[in-house]
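In: Sequence first, predicted coordinates after that:
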Amino acid sequence: MSARFARATGELLQQFLHRPIDARLLVVYVDAIFLGSHAILVALGVDGAGRKQVLGMHEGSTENAAVTVALLEDLMARGPHARQGLLFVVDGSKAIAASVAQVLAERALVQRCQAHYADGRCMRLARIG
């Protein structure tokens, strides 16, 4: 990969991750994608029409509270406006649920993903590497 391509891709990714979130979201899914020994925490939003969009992502070693709080604070700084409240669907991670409560307080409801609940273990969005 050329240095020019890597630089251009990095710049586009930064623009994407720092764009305003202006959609009126109803649901936010938060889970991790594992790339080798790194966890990429991803937030996926769903609006009233059922349209999905990647809202943001943060890298860490696990789904820990520090990474989750950083992701959620970044999302809230760029939108969505949670005046009406948001439903967060999460896996069984206590850190993610606690972080949602810390950052959004009464503006959020947390629901454990039913697929995770029925399976009895934490499934991931994807496991690569």
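Out: Arrived safely.
In: OK, contacts around the residue positioned nearest the centre of the chain?
Out: With distances taken as Cα atoms, centre = their mean, the residue of the chain nearest its centroid is residue 43 (1.9 Å). By Cβ atoms under 8 Å, 6 or more residues apart in numbering, the contact set of residue 43 is 28-30, 54-57, 71-72, 75. Glycine gets a C-beta too; all of them are placed from N, C-alpha and C.
In: next one: residue 96
Out: Counted by Cβ under 8 Å, 6+ apart, residue 96 has contacts 30-31, 41, 63, 68, 90.
In: From the residues you listed, pick the one nearest residue 103.
Out: Nearest to residue 103 among the contacts of residue 96, counting by Cβ to Cβ, is residue 68 at 8.4 Å.
In: And that closest one, its phi and psi?
Out: The phi/psi pair for residue 68 (degrees, to the nearest 10) reads phi -70, psi -40.
In: Please apply the same query to the one 3 residues further on.
Out: Dihedral angles phi and psi of residue 71 (degrees, to the nearest 10) take the values phi -60, psi -50.
In: and the closest residue to it other than its chain neighbours, what is it in contact with?
Out: Using Cβ to Cβ, 6 or more residues apart in numbering and skipping residues adjacent in sequence, the residue nearest residue 71 is residue 58, 4.2 Å away. Going by Cβ under 8 Å, 6+ apart, residue 58 touches 40-41, 67-68, 70-71, 74.
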